[in-house]
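A.B. asks: Take a look and give me a structure for this.
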Amino acid sequence: MASIRAGTTDYRRLRPLQGSGMMKAVAGAGTMEKKRRLSEEYLNEIRARKIEMLADQQPVIIIAHLVAALLFMYVSWRVVPRFELLMFVLAVFLFAAIRLYYQHRYQQGPRHVYDAPQWGLRFSLMSLASGLLWGISAFFFIDAAHPLHLIYVVMIYLALAGSSLGALSSFLPAYLLFSIPLIGLLAIKLIFFSSHELVLLGILSLIFLAVNLYFGYKLSWSHRQLLLLGYENIELVDILKVQRDLAERANRAKSRFLAAASHDLRQPLHAMGLYLSVLAEKVRGSENRSLVQKVVQSMQALEGLLNALLDISKLDAGIVEVHARPVALGPLMQKVADALGPEAREKGLDLLVHKPEKCVIETDPILFERILRNFVSNAIRHTERGRILMGCRWRRDGRVCIEVRDTGPGIPPAERAQIFEEFYQIDNPERDRRKGLGLGLAIARRMANLLGHDIEVRSEPERGSVFAVCARRSTRPLAEATEGAGEKRAVKKLSKVFKNDCQVIVIDDEIEIRDATKTLLERWGAQVLTGESPEEVLAQVDGERLCLLITDYRLREGKRGTEVVARLRDQLGRGDLPAVVVSGDTSERVLKEVQAAGLVLLHKPINPAQLRMTITRLTR
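C.D. replies: A predicted model of the protein is given here:
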């Protein structure tokens with residue numbers, strides 16, 4: 001098959017032109033004239049598809065005419081003059097050859113979509129010529145003196161008209177131009193040029209023609225509707241693709257905005273948090289202590305919002321690792337209750353826990369605990385009086401569902417699917433921070449999907465809600481828990497973070513952050529070297545005393561923290577030098593790059609306690 005030339009359309013493999021019809025409307029087509037032109041293109045394509053269907057039927061039509069001609073010659077050989085009969089059969093074969101020739105030309109190469117009417121005209125004229133040939137033959141070969149021959153001939157005519165109904169109805173003009181001359185001339189012969197005994201047969205032939213024309217119209221209309229439906233479906237798919245692309249672009253733009261905004265906000269918050277940590281130690285016991293604590297609480301609230309956005313980014317980036325193992329539910333549920341019990345009692349709520357005995361599930365304990373914390377926090381936040389119950393239910397399919405029940409206002413059925421969307425909150429149009437941020441359930445759902453757990457929600461307005469997370473029971477033996485001892489050992493070590501004379505390099509392009517970090521680390525017992533680039537501190541570095549490198553990810557002149565770490569390790573010959581990369585950028589690219597480099601990533605603003613824990617883990 002020839003290739004498609006520029007500016008042409010192969011309408012034998014047709015689909016709507018790119019940008020046509022509804023697609024252009026979605027993409028922003030404007031004027032009425034443009035819409036009308038696109039509609040004409042759309043209809044031209046449908047017409048071209050109908051011509052394609054007609055061309056595909058030409059071999060069937062040719063075979064039908066040849067078989068009919070041979071049968072006609074067989075039943076008429078001893079009845080009608082043989083010369084006229086042979087000339088008629090020869091003419092039928094000649095017309096069949098012409099049809100075959102044009103059908104072959106049509107199949108040879110692509111045609112412009114606007115050439116379809118010309119092909120439709122050619123095929124219609126060939127149908128008219130065939131119909132006239134067969135219809136005129138009735139005046140030569142029908143003779144009432146031979147009744148049996150008459151019956152055979154009329155049956156061949158009617159069968160030919162009926163068989164062409166399916167082959168030509170895709171393009172109605174072709175069927176009309178064939179069947180009307182064929183049956184019409186036959187009826188005229190029977191009614192006006194034969195004995196009166198054949199009048200009724202002629203009338204019946206006209207009735208047969210009318211019925212066939214009706215069904216031909218219906219079939220043609222059905223073909224057109226099917227084509228319209230097909231094109232509309234294709235355009236709907238294209239519209240959905242456009243809308244999907246728009247949504248994906250909007251989502252990427254949102255992620256870029258959040259990443260940039262969080263980076264710019266985290267820079268001053270990071271320095272503020274470090275200074276506040278030093279200030280809180282200096283005013284210990286002073287009357288200004290409560291004022292400092294309020295400032296710290298306000299900053300922690302803002303830090304909580306940024307960290308929630310960071311969690312969403314990590315989960316969407318697919319870099320949160322799952323460490324599934326057998327986990328005892330009882331201690332985990334009690335841990336959540338102990339952590340959130342004071343908050344519940346402050347609101348006058350009872351937080352009850354029905355701990356299961358010897359129930360072990362297969363999950364990641366850190367992520368699963370986070371899901372339960374979000375459920376319980378959400379229940380405390382939306383329950384004004386009554387109680388909150390945390391318990392378990394066993395399912396017949398082997399799952400265990402941990403439920404959090406509250407006596408809050410309940411959730412309307414229409415909003416139950418939306419509560420797991422980011423920033424969606426019921427009855428909080430004023431965005432009161434005390435009612436939460438609208439991110440807890442979104443994070444819980446993402447974590448449950450990552451773990452392969454199911455989340456269920458049941459609620460009755462004015463009676464309360466039930467949030468449940470369902471996990472599989474573990475068939476593996478429960479490992480002895482050692483986290484508690486490790487935490488105690490770590491806490492003991494926090495009193496002294498660095499060894500004597502430990503040297504720390506801090507690389508950051510903002511002087512406020514360098515000074516705040518230096519002030520904090522010096523109070524923890526380190527000698528701190530700061531600079532905008534490695535060149536500013538290399539001359540002062542003591543390779544034997546150097547124990548840690550802390551660098552910002554985004555530095556001046558397009559340099560990245562991962563490059564700084566690799567360069568310093570190479571220049572100092574310390575490939576195992578502990579290093580921490582600090583960043584306010586929560587984008588997927590940064591997360592994956594730092595993870596691929598095998599480095600620790602902390603996001604601004606850093607909690608001083610988190611920084612101490614990280615330093616202790618890296619330097620011990």
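
A.B. asks: ok now the host helix or strand of Leu213, how far from the chain's centre?
C.D. replies: Taking DSSP states H and E as the definition, Leu213 sits inside helix 199-282. When C-alpha coordinates are averaged (CA atoms, centre = their mean, to the nearest Å), helix 199-282 and its chain have centres 10 Å apart.

A.B. asks: who does that helix touch, helix- and strand-wise?
C.D. replies: Packing partners of helix 199-282 (3 or more CB pairs under 8 Å, 6 or more residues apart in numbering; DSSP states H and E): helix 21-27, helix 32-56, helix 147-168, helix 172-192, helix 289-317, helix 511-523, helix 608-619. Just so you know, the C-beta spots here come from the backbone N, C-alpha and C atoms, and that holds for glycine as well.

A.B. asks: Tell me the predicted confidence for the closest residue to Arg393 other than its chain neighbours.
C.D. replies: Among residues not flanking Arg393 along the chain, Cys401 sits closest, at 4.8 Å (CB to CB, 6 or more residues apart in numbering). For Cys401, the pLDDT comes out at 90.

A.B. asks: part of a strand, is Cys401?
C.D. replies: Yes - under DSSP: H, G, I helix; E, B strand; the rest coil, Cys401 sits within a strand.

A.B. asks: what's the burial count for it?
C.D. replies: 18 (other CB atoms under 10 Å).

A.B. asks: now swap in Arg445 and tell me
C.D. replies: For Arg445, the neighbour count with other CB under 10 Å is 19.

A.B. asks: same deal with the one 4 residues further on?
C.D. replies: Residues lying near Asn449 (other CB under 10 Å) number 12.

A.B. asks: State the distance from it to Phe93.
C.D. replies: 70 Å (CB to CB, to the nearest Å).

A.B. asks: hang on, the earlier thing: if I average pLDDT within each of the helices and strands packed on helix 199-282, which one is lowest?
C.D. replies: helix 21-27 (a mean of 39).

A.B. asks: Over to the residue of the chain most remote from its centre. Which of the three states is it?
C.D. replies: Distance from the centre of the chain peaks at Ala145, with 76.0 Å (CA atoms, centre = their mean). The three-state assignment at Ala145 reads coil, by three-state DSSP.

A.B. asks: Now do the same for it: its pLDDT.
C.D. replies: You'll see Ala145 listed with a pLDDT of 82.

A.B. asks: Lys499 too?
C.D. replies: Lys499 is given a pLDDT of 69.

A.B. asks: now Met390
C.D. replies: For Met390, the pLDDT comes out at 90.

A.B. asks: Looks to me like it is in a strand.
C.D. replies: Yes - Met390: assigned to a strand according to three-state DSSP.

A.B. asks: Enumerate the beta-bridge partners assigned to it.
C.D. replies: Val353, Val404 (DSSP bridges).

A.B. asks: I'd say it and Ile380 touch.
C.D. replies: No - judged on CB atoms under 8 Å, Met390 makes no contact with Ile380 at a distance of 11.3 Å.

A.B. asks: which residues are common contacts for the two?
C.D. replies: Shared contacts of Met390 and Ile380, defined by CB atoms under 8 Å, 6 or more residues apart in numbering, are found at Leu351.

A.B. asks: got a list of contacts for stretch 335-344?
C.D. replies: Residues from elsewhere that reach stretch 335-344 (CB under 8 Å, 6+ apart): Asp350, Leu351, Val353, Glu369, Leu372, Arg373, Val376, Ser377, Ile380, Ile388, Met390.

A.B. asks: Quickly check those for the two that are furthest apart.
C.D. replies: The span of those, defined through CB to CB, is set by Asp350 and Glu369 at 21.4 Å.

A.B. asks: Would you mind giving the domain segments of this structure?
C.D. replies: Domain assignment for the chain, taken from automatic domain parsing, gives 11-239, 283-317, 325-472, 494-619.

A.B. asks: Can I get these in a markdown table including distance to Glu248?
C.D. replies: Output for the domains of the chain, formatted as a markdown table (distance: least, CB to CB, whole Å):
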| stretch | distance to Glu248 |
| --- | --- |
| domain 11-239 | 15 |
| domain 283-317 | 12 |
| domain 325-472 | 16 |
| domain 494-619 | 14 |
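
A.B. asks: Show the residue spans covered by the helices in the stretch 451-600 of the chain.
C.D. replies: Ranges of helices within the stretch 451-600 of the chain are 483-493, 511-523, 561-572, 588-596, based on DSSP state H, counting those that start in this stretch.
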